[in-house]
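Novice: the following block contains a protein sequence and its predicted model.
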Amino acid sequence: MAFDFAEKEKGIQPRTIWCLGRNYAKHAEELGNAVEARPLVFQKGLNALVPLSGSQTLFRNHGEVHYETEIIALIDRNDRGAFIAGIGLGLDLTLRDLQNELKAAGKPWTLAKSFDGAAIVSRFISMNEIPSLRQIRFTMTLNQEVRQRGDSSQMILPLEKIPAYLEAYTDLQPGDLIFTGTPEGVGVLNPGDEVNLDMAGHQMGSIRFK
Ligand code: ZN
């Protein structure tokens, strides 16, 4: 399925999908990872990008698919540099069994993170509707039950510092998306599950897995 930004972002095409890992201490701990001062960085391909709407066939036959609910920054750029133009919410889907196997072997996780449909992205809220990047609360409900609650105030690398962190290695461009890491409470998805995402008092959308 083609991915389209909402009307107000028309003209911006999705470009690179950057992802931070271990940016919330309690999530790093729940997976048995060390809590470090700086988050790790990986990418998903554009092949992985799908909108948070309608239904999607759950990726099968490769072990458990985990949800990770994350704030997503939409990047734009002007002559002063890159900046966060909008804030969305999404799911970083992860083949957890495969990731654990690859991690144990010291191999890259690409296939565990960048299979088709692994980057689920909501609409974006423009910055003038977000009172502060330092306190954006969000909730993920699975079949009407709250499974993840997060707050950007809990990030190890604060949201407003993330663009500069990546810009040490790349000039971020309009349409770049940054998944900013997940709080604790990740878990397994099954066919028939419905996920609803809320952020800062906004209903961000829902998706059902077939
Ligand atoms: Zn993640």
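Specialist: Good, I have the coordinates. This structure is a prediction, so every number in the text was calculated from the model and none was measured.

Novice: next up, the contacts around the nearest residue to Gly54 once chain neighbours are set aside.
Specialist: Nearest residue to Gly54, sequence neighbours excluded (Cβ to Cβ, 6 or more residues apart in numbering): Ile207, at 6.8 Å. Where you see a C-beta, it was placed from the backbone N, CA and C, and this is true even at glycine. Counting by Cβ atoms under 8 Å, 6 or more residues apart in numbering, Ile207 touches 52-56, 91, 120, 194-195.

Novice: for Ile207, helix, strand, or coil?
Specialist: strand (DSSP: H, G, I helix; E, B strand; the rest coil).

Novice: if we can go back for a sec, any of the contacts of Ile207 buried? List them.
Specialist: 52, 56, 91, 120, 195 (16 or more other Cβ atoms under 10 Å).

Novice: any idea how far the ion is from the first one?
Specialist: The reference is to Leu52. 15 Å (Cβ to the ion, to the nearest Å).

Novice: enumerate the residues of the chain near the ion.
Specialist: For the chain, the contact set with the ion under Cβ under 5 Å from the ion comprises 68, 92, 182.

Novice: adding distance to Thr110, write the residues you listed out as a markdown table.
Specialist: What follows is the residues of the chain next to the ion, written out as a markdown table (distance: Cβ to Cβ, whole Å):
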| residue | distance to Thr110 |
| --- | --- |
| Glu68 | 16 |
| Asp92 | 13 |
| Thr182 | 18 |
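
Novice: most neighbours out of those, which is it?
Specialist: In terms of neighbours by other Cβ atoms under 10 Å, the residues of the chain next to the ion top out with Thr182 at 30 neighbours.
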